[in-house]
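K.L.:
sequence first, predicted coordinates after that:
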Amino acid sequence: MQIQQIRNRAKEMGLKTSRLSKVDLVRQIQSAEGNFDCFATAMDRICDREDCVWRDDCFTAVKKLKN
């Protein structure tokens, strides 16, 4: 998901979005939804949340953070 789409989603939820990275924005959304704020923490593509809407982006973000 593109950063602007994430910002729009956060704004719709009433969350502040300025100066936050994609990782921090997604984690904020996850928390607001009552989920674990685990975005970009799935090391070695291990995650039991197969229904997570952030799953593909999460694996990509982890890979970028490791480099």
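P.N.:
Everything's here; your move.
K.L.:
give the contact list for S31.
P.N.:
Shown in contact with S31 (CB atoms under 8 Å, 6 or more residues apart in numbering): D37. Every C-beta, even on glycine, is put in place using the N, C-alpha and C of the backbone.
K.L.:
I figured R27 was touching N35, is that so?
P.N.:
No - R27 sits out of contact with N35 when judged by CB atoms under 8 Å, with a separation of 9.6 Å.
K.L.:
quick one, which of the two is more surrounded?
P.N.:
Neighbours per residue, other CB atoms under 10 Å: of R27 and N35, the larger number sits with R27, 20 against 15.
K.L.:
and that one, what element?
P.N.:
Applying DSSP states H and E as the criterion places R27 in helix 22-32.
K.L.:
kindly report the same for R7.
P.N.:
Counting by DSSP H and E, R7 is part of helix 3-12.
K.L.:
what about stretch 39-59, distance to the chain center?
P.N.:
9 Å (CA atoms, centre = their mean, to the nearest Å).
K.L.:
send me it as PDB with only the CA atoms.
P.N.:
C-alpha atoms of stretch 39-59 as PDB (Å, rounded to 0.1, in the frame of the first residue of the first chain):
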ATOM      1  CA  PHE A  39       4.200  -4.200  11.400                       C
ATOM      2  CA  ALA A  40       7.700  -4.800  10.100                       C
ATOM      3  CA  THR A  41       8.600  -7.200  12.900                       C
ATOM      4  CA  ALA A  42       8.000 -10.500  11.100                       C
ATOM      5  CA  MET A  43      11.600 -11.800  10.900                       C
ATOM      6  CA  ASP A  44      12.300 -14.500   8.300                       C
ATOM      7  CA  ARG A  45       8.700 -14.100   7.000                       C
ATOM      8  CA  ILE A  46       7.300 -15.900  10.000                       C
ATOM      9  CA  CYS A  47       3.900 -14.600  10.900                       C
ATOM     10  CA  ASP A  48       0.800 -16.400  12.100                       C
ATOM     11  CA  ARG A  49      -1.600 -13.500  11.000                       C
ATOM     12  CA  GLU A  50      -2.400 -14.800   7.600                       C
ATOM     13  CA  ASP A  51      -5.500 -12.600   7.400                       C
ATOM     14  CA  CYS A  52      -3.600  -9.300   8.000                       C
ATOM     15  CA  VAL A  53      -4.100  -6.700   5.400                       C
ATOM     16  CA  TRP A  54      -0.500  -5.500   5.900                       C
ATOM     17  CA  ARG A  55       1.100  -8.900   5.500                       C
ATOM     18  CA  ASP A  56       2.800  -8.400   2.100                       C
ATOM     19  CA  ASP A  57       3.900  -4.800   3.000                       C
ATOM     20  CA  CYS A  58       5.100  -6.100   6.300                       C
ATOM     21  CA  PHE A  59       7.500  -8.600   4.800                       C
END
